[in-house]
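Engineer: missing the sequence, but the structure's below:
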Ligand SMILES: [Zn+2]
């Protein structure tokens, strides 16, 4: 099958571009067409970059690079951002418009680097709102496991596509998806759905056994050809499966990628001794990403810090499942690189503003102290550059430093829930919502403009996911 791109002159997009004065830029700005939804289509094409684009006159740009502006977030007032061929070229006041550059009017708006979701499970969109009175284990038994067993490639594609687009519209430009054991046709469908959205992504594959053949095949055949795709090996560290963990770590080393493990999300998982296992197999190091990490002892946090292990903090999920509250201040005090994660279905949405607010709120509620780590500047950094550092990709994304890939978000604060201006930095975290995300650029390409996903028939995406969910329920 071939893709069936949406005609370039579709009225909705034409209206949108005309409103922005960008109609002539359509081929450059909107290189994405509505991606195929069937799983048997060829791999997504290399993502075309967006040419030269000048974002003009933002009220505030948080570059996350102190060398570019004031304070720890590198703030620049009344600034422009220039992108060329997918790369940040400059951030500054009254930048000269290069010949041929497209101009996007960002006056009155806020620009931040794109959000980096360090831990998710997009396919779990199928169980949104489910098992709301269960803890982690009840949620596995009641929602995750039964649905996973019934997935088809087509259904999986529709759920992943839905959730990935939801993440994009919320300002997520990079995501790491920890994916359960799936057969090759399901993996193929999963990767194709991700690649079709234009988001920067990592597929963390949980191999079915110790044999690395399938892992290597998936990386080489499915991930390596996708320009914005990358690969990790996923595992569940536990004494009972220590040999399997070791095989997964060896596969990760052979492929030169990170190992990605859930660790001590629940207190009951103390019996698994995951940090001890990861230490015994030699995996503690900067090539290890641990998720949740709620119930670590002081000694374990110290070991994580000493070895420069990276961590994904998932406060919305931890709150929803009653898992506990990560000891974020202890990780911070010891210098651990920590990013934020939405964690798929357990938070039921891709709202990164809610995620940042919750990361602050849980720590304050536990400490009964509004001064504890993290503050708004801290969570904004964790949501962007901190996440990139945790993933080892901060040389490419996470800040608006010239030379990095152009992943950024434009936020429009002219909304009932956001205005009037008091402190935009605080308002991004405490007032922001996905609907305030006006534009999203990944690798210099507009995936969302004027508050709408570019070239995506959202109603169709929803319809297909709804139909797939209905079929799965009927099959049960
Ligand atoms: Zn998870």
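Structural biologist: Perfect, I can see it now. The structure presented is a predicted model; accordingly, all values stated were derived computationally and were not measured. Residues are numbered from 1 along each chain as shown.

Engineer: what sits against the nearest residue in space to residue 410 that is not next to it in sequence?
Structural biologist: Excluding its sequence neighbours, the residue lying closest to residue 410 (Cβ to Cβ, 6 or more residues apart in numbering) is residue 439, at 4.0 Å. No exception for glycine: its C-beta is placed from N, CA and C like everyone else's. Listed by Cβ atoms under 8 Å, 6 or more residues apart in numbering, the contact set of residue 439 reads 104, 409, 410, 446, 448, 449, 450, 451.

Engineer: and of those, the nearest to residue 58?
Structural biologist: Proximity of those to residue 58 (Cβ to Cβ) peaks at residue 410, which lies at 7.3 Å.

Engineer: beta partners for that closest one?
Structural biologist: Note on residue 410: beta-bridge partners by DSSP bridges are residue 111, residue 439.

Engineer: still on that earlier bit, I'd like the distance between the residue nearest to residue 410 and residue 321.
Structural biologist: 33 Å (Cβ to Cβ, to the nearest Å).

Engineer: what of residue 120?
Structural biologist: 15 Å.

Engineer: more neighbours: these two, which one.
Structural biologist: residue 120 (30 against 23; other Cβ atoms under 10 Å).

Engineer: wait, that one touches residue 341, no?
Structural biologist: Yes: look at residue 120 against residue 341 with Cβ atoms under 8 Å: they come within range, at 6.2 Å.

Engineer: who touches both of the two?
Structural biologist: Counting by Cβ under 8 Å, 6+ apart, the residues touching both residue 120 and residue 341 are residue 176.

Engineer: on that earlier part again, local confidence estimate at the residue nearest to residue 410?
Structural biologist: pLDDT for residue 439: 98.

Engineer: a helix runs through residue 60, doesn't it?
Structural biologist: No: with DSSP: H, G, I helix; E, B strand; the rest coil as the criterion, residue 60 is strand rather than part of a helix.

Engineer: quick check: it touching residue 108?
Structural biologist: No: with contact defined as Cβ under 8 Å, residue 60 does not reach residue 108; the gap is 9.7 Å.

Engineer: the two: which is more packed in?
Structural biologist: residue 60 (22 against 14).

Engineer: if I look at that one, how far off is residue 247?
Structural biologist: From residue 60 to residue 247 the distance is 49 Å (Cβ to Cβ).

Engineer: before we move on, what about residue 197?
Structural biologist: Plainly put, residue 197 is 32 Å away from residue 247 if you go by Cβ to Cβ.

Engineer: neighbour-wise, which of those two wins?
Structural biologist: residue 197 (28 against 20).

Engineer: count of neighbours near the spatially closest residue to the more buried one that is not a sequence neighbour?
Structural biologist: Computed as Cβ to Cβ, 6+ apart, the closest residue to residue 197 that is not its neighbour in sequence is residue 164, at 4.4 Å. Using other Cβ under 10 Å, residue 164 is surrounded by 26 other residues.

Engineer: per-residue pLDDT of residue 164, please?
Structural biologist: pLDDT, residue 164: 97.

Engineer: in a helix, that's where it is, yeah?
Structural biologist: Yes: under three-state DSSP, residue 164 falls within a helix.

Engineer: what's near enough to touch it?
Structural biologist: Here residue 164 is in contact with 122, 175, 193, 194, 197, 199, 201 (Cβ under 8 Å, 6+ apart).

Engineer: give me the distance between the two termini of stretch 428-447.
Structural biologist: End-to-end distance for stretch 428-447, by Cα to Cα, to the nearest Å: 20 Å.

Engineer: how far off centre is it?
Structural biologist: Relative to the chain's own centre, stretch 428-447 is displaced by 13 Å; criterion: Cα atoms, centre = their mean, to the nearest Å.

Engineer: what do you get for stretch 227-241?
Structural biologist: Using Cα atoms, centre = their mean, the offset of stretch 227-241 from its chain centre is 16 Å.

Engineer: now that stretch: average pLDDT?
Structural biologist: 98.

Engineer: mind listing what's buried in it?
Structural biologist: 228, 229, 230, 231, 232, 233, 234, 235, 236, 237, 238, 241 (16 or more other Cβ atoms under 10 Å).

Engineer: which ones among these lie within strands?
Structural biologist: 229, 230, 231, 232, 233, 234, 235, 236 (DSSP state E).

Engineer: which residue sits closest to residue 279 in space, ignoring its chain neighbours?
Structural biologist: Nearest one to residue 279, counting by Cβ to Cβ, 6+ apart, is residue 303 at 6.5 Å.

Engineer: hmm, back to that, any idea which of the ones in strands among the buried residues of stretch 227-241 is closest to residue 128?
Structural biologist: residue 234 (21.9 Å).

Engineer: residue contacts, the closest one?
Structural biologist: Contacts of residue 234 by Cβ under 8 Å, 6+ apart are 178, 179, 204, 205, 206, 207, 248, 259, 260, 261.

Engineer: burial count for residue 67?
Structural biologist: 8.

Engineer: please, which helix or strand holds residue 76?
Structural biologist: strand 75-84 (DSSP states H and E).

Engineer: before we move on, what about residue 336?
Structural biologist: Going by DSSP H and E, residue 336 is not part of any helix or strand.

Engineer: okay, now the nearest residue to it once chain neighbours are set aside: neighbour count?
Structural biologist: Leaving out its chain neighbours, the residue that sits closest to residue 336 by Cβ to Cβ, 6+ apart is residue 305, at 5.0 Å. Residue crowding around residue 305 was assessed by other Cβ under 10 Å; the count is 17.
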